[in-house]
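Participant: Okay, sequence plus prediction incoming.
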Number of protein chains: 2
Amino acid sequence: MNEQKATSAPIGIFDSGVGGLTVLKEVLKLLPFENIVYFGDVGRTPYGGRSKEIITQFTTQDVKFLQEQHVKYIICACNSASSVALEEVQKNFDIPMTGVIEPGAKAAVEKTKDGKIGIIGTNATINSNAYASLIHDIDPTLKVFSLACPLFVPLAEEGYIDKEATYLIAKDYLQTMKDVGVDTLVLGCTHYPILKEVIANVMGDDVTLIDSGEETAKASYNIIGESGLFNPKCNQNPTIAGELKYFVSDVPEKFSKVATRFMGKEVINITRVDISKY
Amino acid sequence: MNEQKATSAPIGIFDSGVGGLTVLKEVLKLLPFENIVYFGDVGRTPYGGRSKEIITQFTTQDVKFLQEQHVKYIICACNSASSVALEEVQKNFDIPMTGVIEPGAKAAVEKTKDGKIGIIGTNATINSNAYASLIHDIDPTLKVFSLACPLFVPLAEEGYIDKEATYLIAKDYLQTMKDVGVDTLVLGCTHYPILKEVIANVMGDDVTLIDSGEETAKASYNIIGESGLFNPKCNQNPTIAGELKYFVSDVPEKFSKVATRFMGKEVINITRVDISKY
């Protein structure tokens, strides 16, 4: 592949479904001049309750699809896939990739003052211990408390946000985090930023929330820049927006509806893919 | 196939995951002398938010797997699959099958006094209008009110039952059913019997709840009997219990845990199947 082709190629972003759109939103803020292909595996969502083996199989298929789109760089915008599958899957492909764990873990280490970090995520993410293990690689003296909050994903997807029930569930889940006194809490699932307000409300003003999607967008900006992979359009005219294509693994109607709510503008032109063929 | 082989063959029961265990439990009460193969598609659960096309594809694969187990009769214990896929899938197989919709619909027609029936289920089930359409085939004068309650499945799966938040969500969802004055409410999702108490609590004593799983077990008993397909063991010694085999499409650990809670006894010896190969 010649350099010109590589740099104008799209960035691939994939997720188990709609959650990764919170990452896409952050990427669009920092890299508006890039072409982007987003794949949401809505036909098999959610990944968070499944085993390492199944998530690895699904992640491999997602990456194969993006490879076929000739992407120059892949963002795995799913915490569950990033935690349990990405390291292994990455070995089989010649495309630079980043997951959402490392950027979130690094940001938490930078922010904590008292050295007590909380991690919330799906069962797959929490059971993998990926965040804690990366944080301890950076600083073994930090205390990390990890907790699965499986009801947060359906609550976010249903738009069940400004409700007493959601507040009560968040209070139930997060009480231990308050009791142990974390000063930094990583939202280790791309759906969780949708519930940021209620989580902040329960945790209180003294706790810093880390949005791993936001951190991943920043990290991707740096990696793409350092690798000399910025879209040449960027230098020519930074105000020209890149092309954004959506692909999903089920009929696009529901994705379109939820995505329109997540992105704050109408999401149409969504193409369906039979992901089982990859 | 000779008759002896057919009658001693197992009954196949399948569901998108663990929900169908509420149907299995009822089947075991009425048909304890039958051999049973249960398949739970936990690797692709839940079906209820997916499209007709994807559910039809998954249902076909589930039935193909059971066919390979030489079952004599199939119970589709998933309301979503029964609503949108079973009629079409059934045409391609030479095995008698029953879904959970017709038995539930019939029971509701029998129970209602004021002619106002409520149906609650997943998005797939409610959007299909399958219950309402069957009820109107029997009696076009009945009034049917249908409502999707998508948060009930994750709440049931998480065992989030005896909680204020679950009561508040149920109250939110079911208020319209109370306002229109249904006297009969069909639990049109196999997970919902797990939340029966809280649903009954919200609806009040005057509303009859129909458990479509229970009705399906009764209907299956009748159909199997009328077709002369009872396991011959039944006549020889009705106290001899049949063999029960569990198959799932992800690693069995989580299924085992949830199934043990659902069935009220330890569920082990669960075999994993790669359902994507069917």
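Facilitator: Sure, I can see it.
Participant: sec struct for the residue nearest to residue A:269 when sequence neighbours are not counted, please.
Facilitator: Leaving aside its sequence neighbours, residue A:269 sits nearest to residue A:246 (Cβ to Cβ, 6 or more residues apart in numbering or on different chains; 6.8 Å). All C-beta spots, glycine's among them, are computed from the backbone N, C-alpha and C. Judged by DSSP: H, G, I helix; E, B strand; the rest coil, the three-state class of residue A:246 is strand.
Participant: per-residue confidence at residue A:246?
Facilitator: With respect to pLDDT, residue A:246 scores 97.
Participant: now do residue A:1
Facilitator: Confidence score, pLDDT, at residue A:1: 44.
Participant: and what of residue A:240?
Facilitator: We have a pLDDT of 75 for residue A:240.
Participant: you'd agree it is up against residue A:232?
Facilitator: No: contact criterion Cβ atoms under 8 Å: residue A:240 and residue A:232 do not qualify, at 10.8 Å.
Participant: quick one: residue A:231 and residue A:7 touch, right?
Facilitator: Yes: counting by Cβ under 8 Å, residue A:231 touches residue A:7, with 5.9 Å between them.
Participant: got the contact list for the residue nearest to residue A:269?
Facilitator: A:38, A:40, A:252, A:255, A:259, A:267, A:269-271 (Cβ atoms under 8 Å, 6 or more residues apart in numbering or on different chains).
Participant: And the helices in the stretch 101-250 of chain A?
Facilitator: For the stretch 101-250 of chain A, the helices defined by DSSP state H, counting those that start in this stretch occupy A:101-111, A:123-128, A:130-138, A:152-157, A:164-180, A:196-203, A:212-226, A:233-236.
Participant: thinking again about what came up before, and the contacts of residue A:246, which of them are buried?
Facilitator: Among these, those that count as buried by neighbour count (16 or more other Cβ atoms under 10 Å in any protein chain shown) are A:38, A:40, A:252, A:255, A:259, A:267, A:270.
Participant: Is it correct that the fourth one falls within a strand?
Facilitator: This means residue A:255. No: assessed by three-state DSSP, residue A:255 does not belong to a strand; its assignment is helix.
Participant: thinking it is in contact with residue A:18, fair?
Facilitator: Yes: using Cβ under 8 Å, residue A:255 is in contact with residue A:18, at 6.4 Å.
Participant: what's the overlap in contacts for those two?
Facilitator: Shared contacts of residue A:255 and residue A:18, defined by Cβ under 8 Å, 6+ apart, comprise A:40, A:42.
Participant: residues contacting residue A:7?
Facilitator: So residue A:7 contacts A:72, A:228-232 (Cβ under 8 Å, 6+ apart).
Participant: From these, list the buried ones, please.
Facilitator: With burial judged by 16+ other Cβ under 10 Å, the buried subset of the contacts of residue A:7 is A:72, A:229-231.
Participant: give the contact list for the residue most central in space within chain A.
Facilitator: Centroid-nearest residue in chain A, with Cα atoms, centre = their mean: residue A:77, separated by 3.0 Å. If you count contacts by Cβ under 8 Å, 6+ apart, residue A:77 has them with A:13-15, A:19-20, A:22-24, A:100, A:190, A:213, A:216.
Participant: The same query, at a cut-off of 7 Å, please.
Facilitator: A:13-15, A:20, A:23-24, A:100, A:190, A:213 (Cβ atoms under 7 Å, 6 or more residues apart in numbering or on different chains).
Participant: For those, name the two members farthest from one another.
Facilitator: Greatest spatial distance in the contacts of residue A:77: A:14 and A:213, 13.4 Å, computed using Cβ to Cβ.
Participant: Compare these two (neighbour count), which wins?
Facilitator: Shown here are residue A:14 and residue A:213; by other Cβ atoms under 10 Å in any protein chain shown, residue A:213 has more neighbours (29 against 26).
Participant: rewinding a little: now do the residue nearest to residue A:269 against residue A:267, distance only.
Facilitator: 7 Å (Cβ to Cβ, to the nearest Å).
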